[in-house]
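[1] Quick one: sequence plus predicted model below, questions after.
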Amino acid sequence: MALDADWTRRWIELVADRVAERKAELSHLDRDIGDGDHGENLDRGFTAVRSRLADLDADATPGAILKLVATTLISTVGGASGPLYGTAFLKASMAAGDAETLDDRLADVLAAARDGIVARGKAEVGDKTMVDAWTPAVDAAAAAPDAVAALAAAADAAEAGAAATEPLVARKGRASYLGERAMGHRDPGSESTALILRAAAEA
Amino acid sequence: MALDADWTRRWIELVADRVAERKAELSHLDRDIGDGDHGENLDRGFTAVRSRLADLDADATPGAILKLVATTLISTVGGASGPLYGTAFLKASMAAGDAETLDDRLADVLAAARDGIVARGKAEVGDKTMVDAWTPAVDAAAAAPDAVAALAAAADAAEAGAAATEPLVARKGRASYLGERAMGHRDPGSESTALILRAAAEA
Amino acid sequence: MKKLINDPSKVVDEAVAGIAAAHPELRVIVDPPYVIARGDAPVQGKVGLVSGGGSGHEPLHGGFVGHGMLDAAVPGAVFTSPTPDPIVAATKAVDGGAGVLHIVKNYTGDVLNFETAADLALAEGIEVESVIIDDDVAVQDSLYTAGRRGVAGTLLVEKIAGAAAERGDALAEVAEIARTVNANVRSMGMALAPCTVPHAGEPSFDLGPDEIEIGIGIHGEPGRARIAMEPADAIVDRLLAPILDDLPFASGDRVLLFVNGMGGTPLVELYVVFRRAAEVLASHGIQVARTLVGSYVTSLDMQGCSISVLRLDDALTELWDAPVQTPALRWGR
Amino acid sequence: MKKLINDPSKVVDEAVAGIAAAHPELRVIVDPPYVIARGDAPVQGKVGLVSGGGSGHEPLHGGFVGHGMLDAAVPGAVFTSPTPDPIVAATKAVDGGAGVLHIVKNYTGDVLNFETAADLALAEGIEVESVIIDDDVAVQDSLYTAGRRGVAGTLLVEKIAGAAAERGDALAEVAEIARTVNANVRSMGMALAPCTVPHAGEPSFDLGPDEIEIGIGIHGEPGRARIAMEPADAIVDRLLAPILDDLPFASGDRVLLFVNGMGGTPLVELYVVFRRAAEVLASHGIQVARTLVGSYVTSLDMQGCSISVLRLDDALTELWDAPVQTPALRWGR
Ligand SMILES: Nc1ncnc2c1ncn2[C@@H]1O[C@H](COP(=O)(O)OP(=O)(O)O)[C@@H](O)[C@H]1O
Ligand SMILES: Nc1ncnc2c1ncn2[C@@H]1O[C@H](COP(=O)(O)OP(=O)(O)O)[C@@H](O)[C@H]1O
Ligand SMILES: [Mg+2]
Ligand SMILES: [Mg+2]
Ligand SMILES: [Mg+2]
Ligand SMILES: [Mg+2]
């Protein structure tokens, strides 16, 4: 399997499908320790992404597709996750450049995405944010023998990272206002990160 | 038994006791077809009456006592029942004049009270108001052989009159806003009238 | 019952004390019975305006005391008309020699207590006129009822008559203008959820989770019909139809559209209601020339709204636009 | 969920349309993404003020657009910061050549989206300064959190900075005044009952019939502690203690006391709260020189209140008193 433009489209469409399916679940996680809109926010964004993807040139590169995702998320999601995921996809598209496939640079693309989030949001691992899913995923991808294995390893690591946010006290985002009351709840952004990376592995 | 000043005081104090006891019940009747404050209103009034009674000259006549009740109710009750009961006691005090007892004029005193209510509120029998308790009571008192019998007859007639308001549609007061939805509920003012007249019979 | 109160029987006392603390420009008698008056009352040579009624409708009436509106407000117990004494006291306090207008919502208790007060004031040599407000179209057949209730239209009467008094109109003229406003305004309200009177401790009526009450008054009285929950647009249509039919309003009319919250409903919902109401009026060729949106004539914590429509002419419009400076309504100074 | 709405996903669209219909003096872009601007924007030579944030806090921010306050407000989806595009559009629309001040409540989403917008506006040659508002003392340890939240104090910043811009202060000066207000205001809120976000359809948190939530934000977030229901006076004491400790306020201070309703709480209760708050401040020797009571910075239909205290000096007092003419705050013209 080549991580080419077709794959990139399949990936993004699968994300859009899964966000729509799991919208209520994501918002529910956010209701527990945030403001209850994370699923709505991402669904608004990926619904817009899906419709704009249809208008994109048939020969658009993976990088161009990722850039479209970035600008669409930035201009439709709002909230914390909009600029964070927007920046992530923007930096990913820059790392993708105008390559036809991402096979040779997947780990760099993921690392660029994560670095973008950290640059904007200033969160560290353990702060109970989406970074807790991204960073183990980036590390797992870097250690994997090839791109396909990297995708699977990233998805597994992101899911484990999301689960590992449950016992934590948050230090960034709305959940940080709750102090110890955030303990026992999974961070919604880490869960949506796991969703995005699992979709990448299955696309 | 003479309907003298002592009796008048006992009567009014018994009314104050019973209104306090049955405050919630009266307000509950008012909640069904009015605004739920009839018990509160009367309790506020008769609590004030009780305390002012204590300050009244020991040799005050029945008429003077009734006048104190009237002015106190007018200045403390508010709502519809304040001016109506206030006027009733005011007219009653005028009919009592400076007589030492009401034995020879009880029916006139009650009729004066009822006439005062009708003059202010313009309600007729059947309009589902306190007049539906007062008018049969006045009639029964007029037909009774003596004052003691008149009190008992008035109380019985007022209670029957109050009960008879239940099937009616109201044409005065707040219950009139409800149209047929007032049917099946007893008018709170007719019930408090029955309370007042029963207390007179038992004082 | 969860409320920001202390002793349920002290709500009015403490709220009046709060009004006094929050609005030092008013002169508030903070011992019962209460009077909330303009700081500069009596204004010599000006007709004084007094209104009042049960508490629980805040900011009505105390929030409308000030330049260009009421000279004094008399708050009774919750949902209970004040007694004559404080009405007389207010009347005396605001009499600047040009007489006093009583603005009375049409409820038996309010009418009777203001009647007695007017008699007593007259006996003390103060000229008093009374205007009875009955703008609520929910009460249908006025021949067989205590008559229509005075609801949110009261605010419009107070503002416009207040402006007339402020410009120096005589008592008869101010009263006439107040009656003109009353004759040209129609209102109707609804509740999503009832209110809870503090000392009662339970809701004033019961509503199922999918029921709403149409035609409610402002005293927690149940309304004219209980129906299944509907979208806001359908509710607006249901409130506006009897309002428009009643006057009737006609194509070409210029109106003031007032969407009022009942106390527990947030502004964002009132704007959703306003949007539809303006749309419906436009579709009837009725021009919305002036607007008001907010919780001004409330019923404690009731959730719901009322809509009032006032037919304007140039004279009323000018008086509406005139400066007003009160805690709850303020412009032009 | 009973609300005066139609489609839960259309609440903001319809409310913005209602704002446009109710306030023809504003210039409202009624197609998403929305911008609510002064009718006379851009005012040449004047610093433009732009604020915004998630919807559901009405009248914040759209109700504070007008002379002497904001030049434009950018409403996002319910409780969701707007995206950069409409912030940039608003910034351009109000730039009168003197630069634009962004007033941003301290939430990660708001900060990030305004940051991007400021970068984009700068790239188009507009000078932008940003002020982050973080007045909420409920969030205790700012080193280990996203920092304090911006809550009701935002209104005070918008009013005072708006007056500075209106009198012709330069961008740096207006920003400095906004930061001074933020540095001198502290707020804390509580809920008797949570709000229900329309598209969620269920309350934002669960509260038992005898529980209240202390230290809530304005986005339906649960607060800092859940305690048993208390009388209003005890609640006020609980809210004021950390406010007074934090700045700290001291005997002799002159302050503005702002009691704010959360959307579902009636004014009469806010006055009960105000009374006690004024009493407590007096007992600390703090002089309440200016007051504000009402539901201005809300959280949909949440029941509850917040208290804000701003330390005043003569300069801030003069700016607070300066004329303002917006849908929700108006005096002096
Ligand atoms: N500073 C941050 N760095 C990284 N991720 C963050 C930060 N702040 C918030 N997040 C993520 O954003 C998620 C919330 O997104 P969302 O609910 O859409 O936005 P909002 O909090 O504005 O409502 C959180 O679950 C968290 O994973
Ligand atoms: N016009 C009237 N004539 C006689 N009685 C009336 C009239 N209007 C109301 N009432 C009586 O007053 C009672 C209500 O009193 P209350 O609840 O104290 O006052 P309010 O209606 O102002 O709340 C009614 O039950 C009725 O008996
Ligand atoms: Mg969220
Ligand atoms: Mg009653
Ligand atoms: Mg009453
Ligand atoms: Mg949000």
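    Everything's here; your move. Ligands and ions are numbered 1, 2, ... in the order given.
[2] and residue 190, what does it touch?
    Just so you know, I chose chain A. A:128-130, A:132-133, A:158, A:161-162, A:165 (C-beta atoms under 8 Å, 6 or more residues apart in numbering or on different chains). For glycine as for every other residue, the C-beta is placed from the backbone atoms N, C-alpha and C.
[3] not what I meant, chain C
    Contacts of C:Met190 (C-beta under 8 Å, 6+ apart): C:212-216, C:223, C:235, C:238-239, C:304-306.
[4] tell me which of these is nearest to C:Ser251?
    Nearest to C:Ser251, judged by C-beta to C-beta, of the contacts of C:Met190 is C:Leu239 at 19.6 Å.
[5] May I have the secondary structure class of the closest one?
    For C:Leu239, the secondary-structure state derived from DSSP: H, G, I helix; E, B strand; the rest coil is helix.
[6] Which stretches in the chain count as helices?
    You didn't say which chain, so I picked chain A. If you assign secondary structure with DSSP state H, the helices in chain A sit at A:5-33, A:38-55, A:62-76, A:81-96, A:106-121, A:131-143, A:147-164, A:188-202.
[7] The intended chain is chain C.
    Per DSSP H, chain C carries helices over the ranges C:11-22, C:84-94, C:108-123, C:153-166, C:171-184, C:232-246, C:267-283, C:314-321.
[8] Can you mark which positions in the longest one are buried?
    Put plainly, it is helix C:267-283. By 16 or more other C-beta atoms under 10 Å in any protein chain shown, the buried positions in helix C:267-283 come out as C:267-281.
[9] What of stretch A:137-154?
    Within stretch A:137-154, the residues that qualify as buried are A:137-141, A:144, A:147, A:150-154, counting by 16+ other C-beta under 10 Å.
[10] That stretch near ligand 1 anywhere?
    No - where contact is defined by C-beta under 6 Å from any ligand atom, no part of stretch A:137-154 touches ligand 1; the two come within 13.7 Å at best.
[11] Centre of the chain to that stretch, how far?
    Stretch A:137-154 has its C-alpha centroid displaced from the chain centroid by 15 Å (C-alpha atoms, centre = their mean, to the nearest Å).
[12] quick one: average confidence on that stretch?
    The average of the pLDDT scores along stretch A:137-154 is 97.
[13] Can you give me the end-to-end span of it?
    In terms of C-alpha to C-alpha, to the nearest Å, the two terminal residues of stretch A:137-154 are separated by 4 Å.
[14] can you list contacts of that stretch?
    A:1, A:3, A:102-104, A:106-107, A:110-111, A:114, A:155-158, A:161, A:193, A:197, A:200-201.
[15] Around chain B, pick out the residues from the stretch 101-250 of chain C.
    Among all residues of the stretch 101-250 of chain C, those adjacent to chain B (criterion: C-beta under 8 Å from any C-beta of the partner chain) are C:107-109, C:112-113, C:115-116, C:138-140, C:144-146, C:149, C:197, C:199-200, C:202, C:204-205, C:217, C:219-222, C:224.
[16] among the residues you listed, which ones are buried?
    Buried subset of these (neighbour count, 16+ other C-beta under 10 Å): C:107-109, C:112-113, C:115-116, C:138-139, C:145-146, C:149, C:197, C:199-200, C:204-205, C:217, C:219-222, C:224.
[17] Keep those residues, but drop any that are not near ligand 4.
    Cross-checking these against ligand 4 (C-beta under 5 Å from the ion) gives no overlapping residues.
[18] Inside strands: which ones of these?
    Using DSSP state E, no member of those falls in strands.
[19] dump the residue contacts of the residue lying closest to C:Ile103 once chain neighbours are set aside.
    With sequence-adjacent residues excluded and distances taken as C-beta to C-beta, 6 or more residues apart in numbering or on different chains, C:Ile103 is closest to C:Ser51, at 4.1 Å. With contact set as C-beta under 8 Å, 6+ apart, C:Ser51 has these partners: C:61, C:64, C:70, C:73-74, C:102-104, C:154, C:158.
[20] thinking again about what came up before, CSV for the buried residues of stretch A:137-154, including distance to B:Leu14?
    Shown next, in CSV, are those (distance: C-beta to C-beta, whole Å):
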residue, distance to B:Leu14
A:Ala137, 83
A:Val138, 86
A:Asp139, 87
A:Ala140, 87
A:Ala141, 89
A:Ala144, 93
A:Ala147, 95
A:Ala150, 91
A:Leu151, 89
A:Ala152, 88
A:Ala153, 88
A:Ala154, 85
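[21] how about the residues you listed, which pair is most distant?
    Comparing every pair within those by C-beta to C-beta identifies A:Asp139 and A:Ala147 as the most remote, at 15.7 Å.
[22] for the chain, which residue is closest to the average position?
    If you meant another chain, say so; for now it's chain A. Among the residues of chain A, the smallest C-alpha distance to the mean C-alpha position (C-alpha atoms, centre = their mean) belongs to A:Thr193, namely 3.9 Å.
[23] who touches residue 69 in this structure?
    The chain I'm using is chain A. With contacts defined as C-beta under 8 Å, 6+ apart, A:Val69 is in contact with A:12, A:49, A:89, A:93.
[24] wrong one, chain C
    For C:Met69, the contacting residues are C:49, C:158-159, C:162-163, C:324, C:326, C:329, by C-beta under 8 Å, 6+ apart.
[25] That one and C:Ala328, how far apart?
    For C:Met69, the distance to C:Ala328 (C-beta to C-beta, to the nearest Å) stands at 9 Å.
[26] again, but for C:Glu176
    With distances taken as C-beta to C-beta, C:Glu176 is found 26 Å from C:Ala328.
[27] Then C:Pro59?
    The gap separating C:Pro59 from C:Ala328 is 4 Å, by C-beta to C-beta.
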